[in-house]
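**Student:** Sequence first, predicted model second:
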Amino acid sequence: MPYCPPPRARSGPRRRTLLASLAGFGALLAGCSSGSGPAERAASAATRARARAARDSADLLARYDAVLVAHPALTDRLAPLRSAVAAHRDAFGGKAETGTKAKATPSPSPAPTAPADQKEALTSLASAERTVADRRAGALLEVPGELARLLASVSAAGSAHAYLLTEAAK
């Protein structure tokens, strides 16, 4: 019986492996040179989330002010919540409107109006707090650590505000 040597294994990479490696390397180089790496995208997402949170807090503050104008009897009850919302706005980089001319936003929202009924006004504030708290909780996965902790903390505070406002409306 003649001896047949086993088939010889090729040394070195195969052609398909080389082509796939070169294609991957080319994609890697193209991704690195675009200037839009993961760090830049994360920073951009954080900047957008921070600006959105500041706008949301400013809008909530305007709602509180509208309710306080319509229902001055609620001042003692709403003053601590309103000051917390103002602190949240400042924590996200929002500016207090202290000058003669406030900084214009790209799409200013109309001035909120408060319901004539006191309980309805409290209920609408609670609903607004809940909506903003939910939006902030949803944004937690899209932002880096420190901003995520801030969003989580302010979201929890907003949920507590919603609870307090709901209880006050009863």
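**Tutor:** Received it, and whenever you're ready, just let me know what you need. Residues are numbered from 1 along each chain as shown.
**Student:** tell me which element residue 90 is part of?
**Tutor:** helix 75-91 (DSSP states H and E).
**Student:** Output the longest helix belonging to this protein.
**Tutor:** Criterion DSSP state H: the longest helix present in the chain is helix 38-70.
**Student:** thinking again about what came up before, determine the angle, from 0 to 180 degrees, between the helix holding residue 90 and helix 38-70.
**Tutor:** Here the directions of helix 75-91 and helix 38-70 differ by 160 degrees (axes from the mean of the first three to the mean of the last three Cα atoms, to 10 degrees).
**Student:** Return the set of buried residues in helix 75-91.
**Tutor:** The neighbour-count check on helix 75-91 (16 or more other Cβ atoms under 10 Å) flags 78, 81-82, 84-86, 88-89 as buried. To be clear about C-beta, it is placed using only N, CA and C from the backbone, and glycine gets the same treatment.
**Student:** For burial, what's the neighbour tally of the nearest residue to residue 152 once chain neighbours are set aside?
**Tutor:** Leaving out its chain neighbours, the residue that sits closest to residue 152 by Cβ to Cβ, 6 or more residues apart in numbering is residue 140, at 5.9 Å. With neighbours defined by other Cβ atoms under 10 Å, the count for residue 140 comes to 14.
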